[in-house]
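J.: no sequence for this one, just the structure:
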């Protein structure tokens, strides 16, 4: 059973890294579940402080991921229409990943801003640029957290590798 939890945990940590780029997968929480499964094995002593700290980090990153693109769009002069448009564009753009995600995000924010203020193309372009910058920033944060979770997972596994396969 420990090997099953180990493999499933590893796959979830990898899925968490993939989730850094795909909005469909909640990256940090998925990676955290992988760490949890590793700690639920009989081989690894469950470190509740470590799990609580990494859970808090995963949830904070998960929550701010939804705020950063809107915040940066607002900083670049965007409105709620641009934020809604960028979200819709990102979801539609998932069909044509990876280029479609960025193009959909940009065009969605741009169209949303044009609906809000029809005459101002420059303002719409600036707000769209802000949404793109926010997306890259939040993706980078999720990627870093996912990679750190992978390092934690690998380090913990490596120090207990003989115990995991003692039945061989």
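T.: Yep, that arrived. Nothing here was measured: the structure is a model prediction, and the numbers come from that model.

J.: distance from the host helix or strand of residue 35 to the middle of the chain?
T.: According to DSSP states H and E, residue 35 maps onto helix 27-39. Using C-alpha atoms, centre = their mean, to the nearest Å, the mean C-alpha position of helix 27-39 is found 13 Å from that of the whole chain.

J.: which strands or helices does the least confident helix or strand in the chain by mean pLDDT pack on?
T.: The helix or strand of the chain with the poorest confidence is helix 80-93; it has a mean of 84 (mean pLDDT, DSSP states H and E). When contacts are defined as 3 or more C-beta pairs under 8 Å, 6 or more residues apart in numbering; DSSP states H and E, helix 80-93 packs onto helix 48-75, helix 99-116, helix 121-159. Any C-beta I mention is one placed from the backbone N, CA and C, and that applies to glycine too.

J.: ranking those by burial, who's on top?
T.: Each of the helices and strands packed on helix 80-93 was scored by mean neighbour count; the highest is helix 99-116, a mean of 21, by mean count of other C-beta atoms under 10 Å.

J.: from the contact counts, what lies against that one?
T.: Helices and strands touching helix 99-116, by 3+ C-beta pairs under 8 Å, 6+ apart, are helix 80-93, helix 121-159.

J.: give me the angle between the longest one and helix 27-39.
T.: It stands for helix 121-159. With axes from the mean of the first three to the mean of the last three C-alpha atoms, to 10 degrees applied, the angle from helix 121-159 to helix 27-39 works out at 10 degrees.
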